[in-house]
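J.: Got a sequence here, can you model it:
(2 chains, ligands or ions: 2)
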Amino acid sequence: MRSINRGLRSFRRHPLRNLVVVLLLFVCLTFSLSMLAVKLAADSQVEEVKQSVGNYAEIRVSSDYQMAVFEEELSQEESERAAQARTMSDEEMLEQMTRFLVPEDLADLFSQQSEIVTYDKVLETRISLDDIENTQMETMVSMRERGPQGEAPTALSSSSFTFEGNTDGSSVSDFMLGNKVLVEGSFYAYQDYLDANPVVLMEKTLAEENELEVGDTVTAKISGESGRDADVELTIVGIYESVEAEQQAEGSNTETFNPMGDTFYAPLSVVQELNSTPGYVELGSYYFDSVDSTGALQQAFDAEIADGDTYELATDYSDYEAIADPLLKVGKTSMIGLAGALGACALIILLAMAIIIGGRTRELGVLKAIGATDRQVIAQYAVEVVCICLVAIVLATGVTALISQSVGDWLLSGNQAAETTDTGEEGMVAGGPSQFMGGPMGGGSNLYKEGGRFSVASSEDQSASLDVVYQGSMLLYGILILLGISLLGMVVPLIWITRLRPARVLSME
Amino acid sequence: MHDLLEVKDISKTFKAKAGDVTAVDNVNLSARKGEVTVIVGPSGSGKTTLLYLIGSLEEPDEGGIEVFGEDICLSGADLIQFRRKRVGFVFQFFNLITALTALENVTLPMDLADGSSRGQHERAVELLARMGIDGRLQKAKANKMSGGEKQRVAIARALANDPDIILADEPTGNLDTATGKVVVDILVELARRDGKCVIIVTHDESILEAADWAYHMQDGRLEGIDIKEGSSP
Ligand SMILES: Nc1ncnc2c1ncn2[C@@H]1O[C@H](COP(=O)(O)OP(=O)(O)O)[C@@H](O)[C@H]1O
Ligand SMILES: [Mg+2]
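T.: Ligands and ions are numbered 1, 2, ... in the order given. The predicted structure follows:
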């Protein structure tokens, strides 16, 4: 206790010296803590991003396989194929229809992987609805004709509609992304998929044009190539509206632009029936726990599901990289900064030690000559150092709380600026495969998890923010840092104190 | 024999690059409680070294020191307690802690030895008053004081834990003659009235007047001087 008191008194006795040391320490410590805060924030945010961006995969027929099939078909004579088609049995017919589809049970099997959090199965096809007119599409078609290359796309027939089926209406990607919203009625549910209830979601304008409301029915024609014709009555359970049409039109993906609203959404089992491909899906889509699991899932897929090279597991973590890269760089930069600042702290502490002890050799000798033990002397000086450090810590933690967010933003903006300039081309390349993905994700390059925090819709928004959450633990880190450093800084003076022979200094003038 | 401080055949050699220096060479000395022992000798003759040997600040190469029947050169000797309770040093350059007040300087040895307690402050005030350091001067920083004041504070500090032995190294070396005389008188009084064993080393031969026992030191060797003739009572 007495040594502590002496240390405290000694601390109070040298205000100017202490001020200088405290200020120096404070600056370095503030820098260290800011860097640490930014580093921690960047790390935790990267972890968060891993769980919300790029943690998406799709199982589909591989492009290699598709190419192989196309080439084979091209080599066959037209007449040969026609003859083949006439003689096909029902099973052969199904095989022909489903050659670019994925067996549903295969999609189900893969969903058992422990890393997978949610999954869905999707089938998209075009179906004829005899009793509905798509007047807007005609307008659209005539508008296109006005263009220089005015040529009506023949595929856009006014009685043919896109049907998209999945297991649950509310998890259709367009609705999840907010590109479309349900304005009337309700979504079809998972149970509707299980029971194959003939229900659909219909676009609002299209419904109005045709004077249809929730509860009305539309008749779909199944005109399979086998020649079996059948009518299916579909009940409208919900009406949706496209939003962000402007934004979508601006974006690179005009494919998702659907002002005509020719898309119907229905339970997967219903669309399978309409398409005459029961048990097959276009793709299985999976959200898994973290980007980190990508490799493991790919391995599992190759080992258990792949079946030669017919199917592939498509993943896309370019978005993750785009978002996480600046954060990772910030993390790295702040680590370097932290190391530098800690070094500076150590130097200052050593300097402080030199000032505190070095200037008082005689005092040290006197203390020893009048019977102070090494422990008493060390304790006294340690208290002085601790006091200085404590003042610096309190100041530094306070100021760090104020500035660390700005430091983080500043580091992040620096790294993002670098990012946009040097990856412009990469972005284009990255757009390639994800466009190929098509399917439920609307051809967009962004794959998001439901409720994901990084639900950015366009590439402009594709930036990370850094929340430097300032926690009380910073104070603890500050104390630990200084404690560590001052212990280190104490080693030299400690040796010096124990070695000093009072006789050497007492007769000095 | 318990009032006798005996230095027996003590030697101390410093190893230096330029060659070894035998600062204290086979020295025998005895000093008694209640008496002033003065050692005179030129600069570099080994006086300070001898004094530090007695005060346990240096370790002898050979020989022993018995302080009132207790050998302090034995390996088991508690040197910390010896420095705290048995000896008090007075130096040429005072060696006060300059950032502390006079009062704090005097309290320090008590604080180191026994921890803070009420009695210490009173004792420090009393000791300083006895040395003629009164009132406001007691609260003055040591570095603001005159040489004579500093040396009197230093003596008060040496007395703090009421030691038997006072070791003074050139106590007047940094003082003018009049002030030096005051300091020597105080030291003499400590022997006569308080029964301390006072040892003064100095190159100032005039201090011999205060001595009960005197020695001359030259090149590390000690020789007794007969001073009793005529002057002793
Ligand atoms: N620590 C030391 N290292 C080397 N030589 C020393 C040391 N202390 C004293 N000496 C030498 O020992 C001799 C005696 O020194 P000292 O006891 O200080 O003499 P005095 O006090 O009589 O002037 C001198 O020659 C001095 O240089
Ligand atoms: Mg000397």
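
J.: Send me the biggest helix by length in chain B as PDB with only the CA atoms.
T.: Of all segments of type helix in chain B, defined using DSSP state H, the longest is helix B:177-192. C-alpha atoms of helix B:177-192 as PDB (Å, rounded to 0.1, in the frame of the first residue of the first chain):
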ATOM      1  CA  THR B 177      32.800  26.900   7.400                       C
ATOM      2  CA  ALA B 178      30.200  28.300   9.700                       C
ATOM      3  CA  THR B 179      27.400  26.000   8.500                       C
ATOM      4  CA  GLY B 180      29.800  23.100   8.500                       C
ATOM      5  CA  LYS B 181      30.500  23.800  12.100                       C
ATOM      6  CA  VAL B 182      26.900  23.700  13.000                       C
ATOM      7  CA  VAL B 183      26.500  20.400  11.300                       C
ATOM      8  CA  VAL B 184      29.500  18.900  13.000                       C
ATOM      9  CA  ASP B 185      28.200  20.100  16.400                       C
ATOM     10  CA  ILE B 186      24.900  18.400  15.700                       C
ATOM     11  CA  LEU B 187      26.800  15.100  14.900                       C
ATOM     12  CA  VAL B 188      28.800  15.400  18.100                       C
ATOM     13  CA  GLU B 189      25.700  16.000  20.100                       C
ATOM     14  CA  LEU B 190      24.100  12.900  18.600                       C
ATOM     15  CA  ALA B 191      27.000  10.900  20.100                       C
ATOM     16  CA  ARG B 192      27.300  12.600  23.400                       C
END
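
J.: Tell me the helix or strand right after that helix.
T.: strand B:197-202 (DSSP states H and E).

J.: And that following strand, how far out from the chain middle?
T.: The chain centroid and the centroid of strand B:197-202 are separated by 6 Å under C-alpha atoms, centre = their mean, to the nearest Å.

J.: Just want the angle from that strand to helix B:177-192.
T.: Counting by axes from the mean of the first three to the mean of the last three C-alpha atoms, to 10 degrees, strand B:197-202 points 150 degrees away from the direction of helix B:177-192.

J.: Could you tell me the model confidence score at A:Glu419?
T.: As summarised for this prediction, A:Glu419 has a pLDDT of 47.

J.: same check, this time on A:Val199
T.: On the pLDDT scale, A:Val199 gets 94.

J.: so it touches A:Val270, yeah?
T.: Yes. Between A:Val199 and A:Val270 a contact is recorded at 7.3 Å, counting by C-beta atoms under 8 Å. No exception for glycine: its C-beta is placed from N, CA and C like everyone else's.

J.: With adjacent residues omitted, what lies nearest to the residue in the stretch 301-450 of chain A that ligand 1 sits nearest to?
T.: At 12.4 Å from ligand 1, A:Gly365 is the closest residue in the stretch 301-450 of chain A, using C-beta to the nearest ligand atom. Nearest residue to A:Gly365, sequence neighbours excluded (C-beta to C-beta, 6 or more residues apart in numbering or on different chains): A:Val505, at 3.6 Å.

J.: what's the one you found in contact with, if anything?
T.: A:361-362, A:364-365 (C-beta atoms under 8 Å, 6 or more residues apart in numbering or on different chains).

J.: which helices and strands sit right next to the longest helix of chain B?
T.: Packing contacts for helix B:177-192, counted by 3 or more C-beta pairs under 8 Å, 6 or more residues apart in numbering or on different chains; DSSP states H and E, involve strand B:36-40, helix B:147-158, strand B:165-169, strand B:197-202.

J.: how does it look with 10 Å?
T.: With contacts defined as 3 or more C-beta pairs under 10 Å, 6 or more residues apart in numbering or on different chains; DSSP states H and E, the packing partners of helix B:177-192 are strand B:36-40, strand B:87-90, helix B:118-130, helix B:147-158, strand B:165-169, strand B:197-202.
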